[in-house]
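Visitor: Next comes the sequence, and after it the predicted model I'd like to discuss.
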Protein chains: 2
Amino acid sequence: MSQAPDFPGLKRRELLAGLGAAAVSGLAAGAEPLQEAQVQAWDISTDVLVAGSGSAGASAAIEARQAGADVLLIESLPHFGGSSAMSAGVVYAGAGTALQRALGVADSVEAMSSFIIGAGGPHPPLDKIQLYCEQSPAHFGWLVAQGVPYAEKLSTAMTVPTDGESLYFSGAERAWPGRDLAVPAPRGHVPVARGMTGGRVLMEALLARLDVLGVVRRAGVAGQRLVLAGDGRALGMEVNMAGERKTIRARRGVVLASGGFIHNREMVRNYAPRLYDCSVPWGNMGDQGMGINMGIAAGAAALRMAQGFAIVPLYPPESVLSGIVVNASGQRFVAEDTYYGVLGDAIAYHQQGRAWLITGEGSHLPPQQDNFPLVAEANTIGDLAVKLDFPRGALQHSVAYYNRHAENGTDPMFHKSAPFLRPVQGPPYRAWNLAVDQAFVPVHTFGGLHTTVDGQVLNSFGEAIPGLYAAGRTAAGLPGAPYIASGLSVGDCTFFGRRAGLAAAAQGASA
Amino acid sequence: MSQAPDFPGLKRRELLAGLGAAAVSGLAAGAEPLQEAQVQAWDISTDVLVAGSGSAGASAAIEARQAGADVLLIESLPHFGGSSAMSAGVVYAGAGTALQRALGVADSVEAMSSFIIGAGGPHPPLDKIQLYCEQSPAHFGWLVAQGVPYAEKLSTAMTVPTDGESLYFSGAERAWPGRDLAVPAPRGHVPVARGMTGGRVLMEALLARLDVLGVVRRAGVAGQRLVLAGDGRALGMEVNMAGERKTIRARRGVVLASGGFIHNREMVRNYAPRLYDCSVPWGNMGDQGMGINMGIAAGAAALRMAQGFAIVPLYPPESVLSGIVVNASGQRFVAEDTYYGVLGDAIAYHQQGRAWLITGEGSHLPPQQDNFPLVAEANTIGDLAVKLDFPRGALQHSVAYYNRHAENGTDPMFHKSAPFLRPVQGPPYRAWNLAVDQAFVPVHTFGGLHTTVDGQVLNSFGEAIPGLYAAGRTAAGLPGAPYIASGLSVGDCTFFGRRAGLAAAAQGASA
């Protein structure tokens, strides 16, 4: 999946040295846009320039090329694939995809959109959600057509299947309150892959398509700033190639698909302070916010910049969910069997980053104690609560209340599903630390440029900036806080990436 | 405080008609910046242009003028004073102000900054907080020097004093956990005023100073877009004067002090979705986000755009705080006697906007039932819980737990202060709706342009945009979510407004 850059003058060693320094410092290079008049001559020209080689950029490039445009795709790192290649490659799809139908799964646009709208945060982008759900079966067909392999096997597990299944419940559909919003359907579509390498398989397919179609792709080329015409139109980009500044003319449009900003620590602290302390910034090192910052510098609006996922991966195994999760007041606050992105959101955003898993003698324990450190153990809940410095009597009540109803197979407070309703009984009683800065909590950003459903970047007055498009985590798309299902991010990247590429290619040449 | 605009061609009727339409539509006019080359000739020239006549703009104008600059201050509405004039005029000041010392109040920079940092949200702007606290006594002296009247009288109440006192505990200093962060000190400095009109008194003083100093001020002049030089420097502004576009040259700098965006509903939905449903958008109708949007369009970064205050004003009278506040699970989640901005934050941001006040027979009730509708009444807590559709048994436990400890004068869970610890006993038991969309919940925005301590507006790479300054709610300043004390916003407006005006005036003329 990696390809040595082959632009004149580029030396791989220099490139890596430069990238390493940027990653360590956490500072993205870059500056205000260049004005057209400052550009003496363009070094390179293309119809559509795509910055970023993750699933958003690759999807944009494929569609732009198929629409007849010359396409140049650049990647700042020496390897193609972006954060998508590091992911499990799950695409959240539904409303009756071929795979769902082959496996006898009933689903509809209404069920899918009701879940996404109802389970997510307030005032989501309804236009994007509606389009995404309506066209989901067709989009899944497109992925298949690109050569992404799927198997007609269903998994009922809550995590990415590793036994060759390609469809599973990837989100909070079956947990309360999700299951009351719509009939739950499995919508996580996973490429056939070993272990969790579905993202690699997905990207290998998309990148191979680029080559078949004749998209020119170049690694080690880092966008620095946009070049703008006097009227604000995006004309191209100044890039860094092995320490040399070069200008690339994009006759029809520029697509920013450079990922999020989780590895730009200053941006995370400024924009998403609740994510800053989470222990594991998750994503490709290219997630430095350069695409977002180039867009902001060109006058774009950026939305939902404080939002992201903070995942508290209690499961697998799912059996650990028979314990209860409590806050610093010793109270439960969430259905423990919800999607771990929802659990993490509740802790990171709404409990000041602190929570504990409480288990009893018969409970299943987290298998990797390094992930969720055992911080207290006692023969009674009361003694455990003292060790945790909880308000006196509070944890005792939470456990007694939960146990009393769990024995009857109910959970009046958070409606945990029956399979996980088992009384917490010891000794020993144990407390496992779920604090976002002390447990294993992967975190990623969702904020990005304000775009139309066609990926056009909007300025602060809601007007499109001519020639400028964005997709994936460089744009504010479907994923928000809480993150309600695996696959919404890569699903958004591929779906809206395609639309951005198509829209860019459809523009007449601007000069 | 109002002044008829007197620019040529301006007709007051047209002006009002135009403003009304903008306010109703919720759409801010405006567009991308003008390039210098597009300006044929400047209609008006000044050294420093200040957009907005609230306390930030007025403070900036005073300092710029005193530093020797010609200053033009424009206001989009027909009345001067901005949202500051609608406020109680509280300035959060401490570290030993003259008024604190005269009243025997001990305070320090350390106590003040420890409270602000510890009680507020994660990763606040430490540089601004430090400077604000260090220079707080001097800043209070400046306010006095401008003619703002204060009386050497202390109030111990939790709300803006109305009996001539000028110092009170305006925030969450005495509630848990604030009181554990630093020795509580009263820091709300209030102009002598009738009722809650301290903001009017404050603004009358500052606006009078403008006239004494020779600042030219014009109402009914609405900024539309910035004019930028080819290198991005802010040269001036295009404005709307009674339907005519005019250009104003600012030789030294432009100060954006146009308030927040609470009345631009589309911006609130996009940027601050958790505030969108709150019932009472609070602030002057000029809070349309125009200053923020002009800055974004010029390439500025905007921070903390999702943050604001959502106030749930349970008190006065404070006696109502003897009840308990619970969430949809029937659990307490906050110290009821905290500052009502902190209470509102807990509800709006962390309880999905829903909460109830539970009172008993001997409890004091909210005096204005319209503000917090009575939604259930019953002879037992159990019956009340059924009417509220709470998880069975949960509210009973919360009340029993609270009562048991309240009888002993303690609150192990949220450490409510002793004066408010009274068991909730009926019948009747009553529930009052605190839902942000159904109760009386004033809401205001805090997100704004990224600035240095000197008000210089920063782009997305952390570089200053030459000639561009911002202050007050147009900038991302001290106030955040949670909002921990009345007076932090107007305090920030006046303190950093002054610095922005001074910095703008200190620039050499740019052409």
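Guide: Received the coordinates, thanks. Predicted model, so just to flag it, every value in this text is computed and none were measured.

Visitor: From A:Leu478, how far out is A:Ala503?
Guide: To A:Leu478, A:Ala503 is 18 Å away according to C-beta to C-beta, to the nearest Å. Where you see a C-beta, it was placed from the backbone N, CA and C, and this is true even at glycine.

Visitor: Ok, A:Leu468 next?
Guide: As judged by C-beta to C-beta, A:Leu468 and A:Leu478 stand 20 Å apart.

Visitor: and the helix or strand A:Gly253 falls within, what other elements does it pack with?
Guide: Here A:Gly253, judged by DSSP states H and E, is contained in strand A:244-256. Counting contacts by 3 or more C-beta pairs under 8 Å, 6 or more residues apart in numbering or on different chains; DSSP states H and E, strand A:244-256 packs against strand A:44-51, helix A:55-66, strand A:71-75, strand A:221-228, strand A:234-241, helix A:290-297, strand A:464-470, helix A:488-506.

Visitor: next one: the helix or strand that contains A:Leu210 to chain centre, how far?
Guide: Using DSSP H and E, A:Leu210 sits within helix A:198-213. Centre-to-centre, helix A:198-213 and its host chain are 19 Å apart (C-alpha atoms, centre = their mean, to the nearest Å).

Visitor: Packing partners of that helix?
Guide: Where contact means 3+ C-beta pairs under 8 Å, 6+ apart, helix A:198-213 is packed against helix A:55-66, helix A:82-86, strand A:216-219.

Visitor: quick one: average pLDDT of the shortest one?
Guide: Spelled out, that is strand A:216-219. When pLDDT is averaged along strand A:216-219, the result is 97.

Visitor: what's that strand packed up against?
Guide: Packing contacts for strand A:216-219, counted by 3+ C-beta pairs under 8 Å, 6+ apart, involve strand A:71-75, helix A:198-213.

Visitor: for the helices and strands packed on helix A:198-213, which one ends up most surrounded?
Guide: helix A:55-66 (a mean of 31; mean count of other C-beta atoms under 10 Å in any protein chain shown).

Visitor: Would you mind writing the CA trace of that one as PDB?
Guide: What follows is helix A:55-66, C-alpha atoms only, in PDB (Å, rounded to 0.1, in the frame of the first residue of the first chain):
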ATOM      1  CA  SER A  55     -11.200   6.500   2.200                       C
ATOM      2  CA  ALA A  56     -12.600  10.000   1.600                       C
ATOM      3  CA  GLY A  57      -9.800  11.100  -0.700                       C
ATOM      4  CA  ALA A  58      -9.700   7.900  -2.600                       C
ATOM      5  CA  SER A  59     -13.500   7.800  -3.100                       C
ATOM      6  CA  ALA A  60     -13.400  11.400  -4.300                       C
ATOM      7  CA  ALA A  61     -10.600  10.700  -6.700                       C
ATOM      8  CA  ILE A  62     -12.300   7.600  -8.200                       C
ATOM      9  CA  GLU A  63     -15.500   9.500  -8.900                       C
ATOM     10  CA  ALA A  64     -13.700  12.600 -10.300                       C
ATOM     11  CA  ARG A  65     -11.700  10.400 -12.600                       C
ATOM     12  CA  GLN A  66     -14.700   8.500 -13.700                       C
END
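
Visitor: tilt between it and strand A:71-75?
Guide: Counting by axes from the mean of the first three to the mean of the last three C-alpha atoms, to 10 degrees, helix A:55-66 points 160 degrees away from the direction of strand A:71-75.

Visitor: Could you tell me how far helix A:55-66 lies from the centre of the chain?
Guide: Here helix A:55-66 is found 19 Å from its chain centre; the criterion is C-alpha atoms, centre = their mean.

Visitor: Low-confidence ranges, chain A, go.
Guide: Scanning chain A for pLDDT under 70 picks out the ranges A:1-31, A:367-369, A:508-511.

Visitor: same thing but at 80, please
Guide: For chain A, the stretches with pLDDT under 80 are A:1-32, A:362-369, A:508-511.

Visitor: Residue in the stretch 51-200 of chain A with the shortest distance to chain B?
Guide: The nearest approach of the stretch 51-200 of chain A to chain B comes at A:His123, 3.7 Å away (C-beta to the nearest C-beta).

Visitor: Now do the same contact list for the closest residue to that residue other than its chain neighbours.
Guide: Once flanking residues are discounted, A:His123 sits nearest to B:Pro273: 3.7 Å by C-beta to C-beta, 6 or more residues apart in numbering or on different chains. Remark: with contacts taken as C-beta atoms under 8 Å, 6 or more residues apart in numbering or on different chains, B:Pro273 is in contact with A:121-123, B:306.
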